[in-house]
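1. Okay, here's the prediction I keep looking at, along with the sequence it came from:
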Amino acid sequence: MRGGILVFGLLVAELASAQSVLDSARGELGGKTSTTSGGVPVIQTIFAVLIVIGLLKLVLPRLMPHLAKSKIQTSLGSTIAVEETATLPGGQLMVVKVRGRSLLIGQTTANMTLIADLTAEEATAMQEPAFFELVDKAPGTMPTHAVIPENANVPTPAEQKRAADKLDRLNRLIGR
């Protein structure tokens, strides 16, 4: 905004300067000089700029829908909804929900292409139970301690003593 104001101010100053140079050049050549005083060209310029801005404000909103044809616009009660978009250098990827189906669509300036139907993937993802649901449905009670099979290698009493000595040494090193 500040940059626009600065450019506008420079434009007005330049136009006023050009008008005074033109008037002095006409006077030196013996031609007719402008009958306007020094401030009138500035006011005329401001008035012209305001007219241009007003026209842009009225015309651009009506022109924009024609310039942005690539964007999907639906009515409020429509069964079509754009869920996600990702803009890429060559176009866009969109996930569109249409009548309960999720579709992955690729869009370029020239065409739109159905890439995948994501409805089946969503349905299988919804059907697979989570781990905690499997645990809750498991029959019987949960074990409270580790179950060691009978054929597992059980440490000998000497190995148990060595492990206990190493544990005591670690506890002394960390200050327990």
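-> Yes, it's here.

2. wait, what's in contact with Leu58?
-> Residues near Leu58 by CB atoms under 8 Å, 6 or more residues apart in numbering: none. Quick note: C-beta positions are derived from backbone N, CA and C, even for glycine.

3. give me the element it is part of.
-> helix 40-67 (DSSP states H and E).

4. Partner strands of the very next helix or strand once past that helix and their direction?
-> Under the assignment DSSP H and E, the closest C-terminal helix or strand after helix 40-67 is strand 80-88. Paired with strand 80-88 in the same sheet, following DSSP bridges, are strand 91-98 (antiparallel).

5. Mean confidence (pLDDT) on the helix or strand following the strand it pairs with, please.
-> Where DSSP H and E defines the elements, the next helix or strand beyond strand 91-98 is strand 101-107. Average pLDDT, strand 101-107: 90.

6. now the angle from strand 101-107 to strand 91-98?
-> Using axes from the mean of the first three to the mean of the last three CA atoms, to 10 degrees, the inter-axis angle of strand 101-107 relative to strand 91-98 is 160 degrees.
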